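Colleague: Need coordinates for the below:
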Amino acid sequence: MRNIVRTFEEAVIKDMQQITNYNEIDWNKVYLDGGEIDFYDDIVDVMFYVNNSNDKNKYKFWYDYETKQGGLYIVGLDKNNSEELTDLWTNQVLE
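Modeller: Numbering: from 1, shown residues only. From the prediction side, this is the model:
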């Protein structure tokens, strides 16, 4: 029997884990408090953190459910204090 998701945030986290199959993040410690979730038609855009003393990073995930394209990134700052994304997982068609 499958586990039932209790909250919307839990469902989003479970989806991110299953879509990316990325195992370098402790998905049980992901939290969205202080982050954000945005939806645009079939696209989800999520900023999140991991509640782990060894992981102080901010993460970004986006996914288009229609085209099955997306990405998972660590959000850092460049020398001009602008956000800079480092790829962890991508599934995109490059033109």
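Colleague: Without its sequence neighbours, what residue ends up closest to Asp41?
Modeller: Glu66 (7.8 Å; CB to CB, 6 or more residues apart in numbering). In short, each C-beta sits where N, CA and C put it, glycine included.
Colleague: Would you agree that neighbour is in contact with Tyr40?
Modeller: No. Here Glu66 lies out of contact with Tyr40, judged by CB atoms under 8 Å, at a distance of 11.2 Å.
Colleague: Distance of Asp33 relative to Asn57?
Modeller: For Asp33, the distance to Asn57 equals 15 Å [CB to CB, to the nearest Å].
Colleague: So between these two, which is more surrounded?
Modeller: Asn57 (16 against 8; other CB atoms under 10 Å).
Colleague: so who does that one touch?
Modeller: Asn57 makes contact with Tyr49, Val50, Ile74, Val75, Gly76, according to CB atoms under 8 Å, 6 or more residues apart in numbering.
Colleague: Quick check: Glu9 is in a helix.
Modeller: Yes. Counting by DSSP: H, G, I helix; E, B strand; the rest coil, Glu9 is found in a helix.
Colleague: For the spatially closest residue to it that is not a sequence neighbour, list the residues it contacts.
Modeller: Once flanking residues are discounted, Glu9 sits nearest to Leu32: 4.9 Å by CB to CB, 6+ apart. By CB under 8 Å, 6+ apart, the residues touching Leu32 are Glu9, Val12, Ile13, Val46, Phe48, Tyr49.
Colleague: from memory the fifth one sits against Tyr59, does it?
Modeller: Yes. The pair Phe48 and Tyr59 passes the contact test of CB under 8 Å, sitting 5.3 Å apart.
Colleague: For the strand or helix carrying the residue nearest to Glu9, list the C-alpha coordinates in CSV.
Modeller: Per DSSP states H and E: Leu32 is located in strand 30-40. Provided in CSV are the C-alpha atoms of strand 30-40 (Å, rounded to 0.1, in the frame of the first residue of the first chain):
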residue,chain,number,x,y,z
VAL,A,30,13.7,19.5,2.8
TYR,A,31,11.5,22.4,4.0
LEU,A,32,9.7,25.1,2.0
ASP,A,33,9.3,27.6,4.9
GLY,A,34,11.1,30.7,3.7
GLY,A,35,11.1,29.3,0.2
GLU,A,36,8.3,29.6,-2.4
ILE,A,37,6.2,27.6,-4.7
ASP,A,38,4.8,29.1,-7.9
PHE,A,39,2.7,27.6,-10.6
TYR,A,40,2.4,28.8,-14.2
